[in-house]
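[1] can you look at this prediction? I've put the sequence above it.
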Amino acid sequence: MTLFFSLTLLVLISASATWSSKNDGKYLDSYSAGTAKYDSLLKAQSECPKRSDCGGITYEPSSKKFTLRRGVVLKDSTRSEISWVEVTWSSKNTGKYLDSYSAGTAKYDSLLKAQSECPKRSDCGGITYEPSSKKFTLRRGVVLKDSTRSEISWVEEIECPATHPNVYYNGEYCCKSNKEKVNTPQGTKCDGSVIQRDSLCCAGNQHTRCPSGSCRSLCDCNNINGDDFEATDIKYDMDKKIVSALRPDLVVNKVLNNRGSRDLVVPLSQTVEVENTMEFSHTAGASVTAGTSFEVGVPGLGAAGVSFEISASYEFSSGESKTSRKSISVEFSCTAPPKKRVVCNALKRKDKVSIPYVMTWTHKRSKECSCKEEGVFKELVSQNIEMEVNEFDLNSKKIIRTKREEIFDLRTSE
């Protein structure tokens, strides 16, 4: 039975090149939401990337199941558990080598073949290209060392743990904060700015060593997407809002010539198409993948037309505008006094609104990871129907007066 399981496990491990080698005696924290237990490693490996809360896989000898886990940090198991985490390869490290060959066949003609073989081995930490043999070699080491032979190396990378999501020190350490510590002698690598992979300091010294020896940031503010991040806050700078009146649309034009001695009143009705368009335009900060969905409250022009308040939340997609349309029946009248010519114009007035914002995106698996996106909220909004009445002397044709009044508020209509 044990032999059968070992052979089956080996076949299944060989089926995937995107996962680490097995980590004997290790487990990952807490189950992923929903169905978390599978009969085969292959099935578990195909399901894990579909989940925003799946950091890896742990095999449970007690249940004989491959389980999807939220954790990304390998921990010592007292139950003979085995775990796998997803593998991403680093970019090439020129002039670097890794210690000692992996057991068995260790030299391959192509990088792709070497990268597919390395995750199958428990003693493979990376790949070193040897110019002398022109081979890509599997190596046990995970620490990059300076080469005197123009060697080039690649290492397996895993995500930094959720508690310390920001990579620094060339992948060897992960920081809780997204800022560097200030240490003047180390210059721009420790100046308190946003932490980068090649930074040398971590704010507050709140760091942990990368579990695999080479990590990538769990917190990647240059790759905000709906699978890993959610919009958790937005702040609008109302002091910098710009409201511009656009040229109105003519809804109805009516001309009355009243030659009688009483007011001439003509009732009118019209179906008005109301269209409002909203969008969030990125200007700086975190890069949000086009099509990423998010739900936030948006500012709406108050009834007085002056103050803004945050209205109900709407769902948006990054890089796309959101348009709402509705038809409204409007009833009004045009009145001409005796001996007067009146031109009644019903106008649909629209405003263009621009308000700067800062949106906070938080990683779904690490509240320590938050990214700020700056942009401008833009809205084209139909405000009201206004009646413009131009009154002329019937005989001389001279204009006597012009008056305007709101006859329908489109902002409060249902």
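    Cool, the structure landed.

[2] so which residues of this structure form helices?
    Assigned by DSSP state H, the helices in the chain fall at 2-14, 41-47, 111-117.

[3] verify the stated contact: K241 with V353.
    Yes - using C-beta atoms under 8 Å, K241 is in contact with V353, at 6.8 Å. (Glycine included, C-beta is placed from N, CA and C.)

[4] let me know the pLDDT of G285.
    The per-residue pLDDT reported for G285 equals 83.

[5] what of K240?
    93.

[6] again with the one 10 residues further on
    Confidence at L250, expressed as pLDDT, is 94.

[7] just use 49 as the starting number from now, easier for me
    Okay, using 49 as the starting number, the last item reads as L298.

[8] shaky segments in the chain?
    Applying pLDDT under 70 to the chain flags the ranges 49-66, 69, 121, 260, 348-360, 460-462.

[9] nearest residue to the most far-flung residue of it relative to its centre in space, please, no chain neighbours.
    Going by C-alpha atoms, centre = their mean, the residue of the chain most distant from its centre is S309, 68.5 Å out. Distances taken as C-beta to C-beta, 6 or more residues apart in numbering put P386 closest to S309, at 5.0 Å, once the chain neighbours are dropped.

[10] then S198?
    Counting by C-beta to C-beta, 6+ apart, the nearest residue to S198 once its immediate chain neighbours are dropped is P179, at 5.3 Å.

[11] with G261 instead?
    Nearest residue to G261 in three dimensions, chain neighbours excluded: V190, at 3.2 Å (C-beta to C-beta, 6+ apart).

[12] now the strands for the stretch 99-248 of the chain?
    For the stretch 99-248 of the chain, the strands defined by DSSP state E, counting those that start in this stretch occupy 104-108, 113-117, 123-124, 130-133, 136-137, 141-142, 144-145, 155-156, 174-178, 183-187, 193-194, 200-207, 214-216, 221-223.

[13] can I get those strands in JSON lines with mean neighbour count and distance to S418?
    Converted to JSON lines, the strands of the stretch 99-248 of the chain look like this (neighbours: other C-beta atoms under 10 Å; distance: least, C-beta to C-beta, whole Å):
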{"stretch": "strand 104-108", "mean neighbour count": "24", "distance to S418": "23"}
{"stretch": "strand 113-117", "mean neighbour count": "22", "distance to S418": "24"}
{"stretch": "strand 123-124", "mean neighbour count": "12", "distance to S418": "26"}
{"stretch": "strand 130-133", "mean neighbour count": "24", "distance to S418": "23"}
{"stretch": "strand 136-137", "mean neighbour count": "14", "distance to S418": "22"}
{"stretch": "strand 141-142", "mean neighbour count": "16", "distance to S418": "30"}
{"stretch": "strand 144-145", "mean neighbour count": "20", "distance to S418": "33"}
{"stretch": "strand 155-156", "mean neighbour count": "16", "distance to S418": "42"}
{"stretch": "strand 174-178", "mean neighbour count": "24", "distance to S418": "32"}
{"stretch": "strand 183-187", "mean neighbour count": "22", "distance to S418": "37"}
{"stretch": "strand 193-194", "mean neighbour count": "11", "distance to S418": "36"}
{"stretch": "strand 200-207", "mean neighbour count": "24", "distance to S418": "16"}
{"stretch": "strand 214-216", "mean neighbour count": "28", "distance to S418": "11"}
{"stretch": "strand 221-223", "mean neighbour count": "26", "distance to S418": "14"}
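
[14] for D297, find the nearest of those.
    Closest of the strands of the stretch 99-248 of the chain to D297 is strand 214-216, at 51.3 Å (criterion: C-beta to C-beta).

[15] what's that closest one in contact with?
    With contact meaning C-beta atoms under 8 Å, 6 or more residues apart in numbering, strand 214-216 is reached by 208, 221-226, 228, 243-250, 255, 258, 263-267, 417.

[16] can you select the buried ones from those residues in ChimeraX?
    Those of the contacts of strand 214-216 that count as buried under 16 or more other C-beta atoms under 10 Å are selected in ChimeraX with:
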select :208,221,222,223,224,225,226,228,243,244,247,248,249,250,255,258,263,264,265,266,267,417
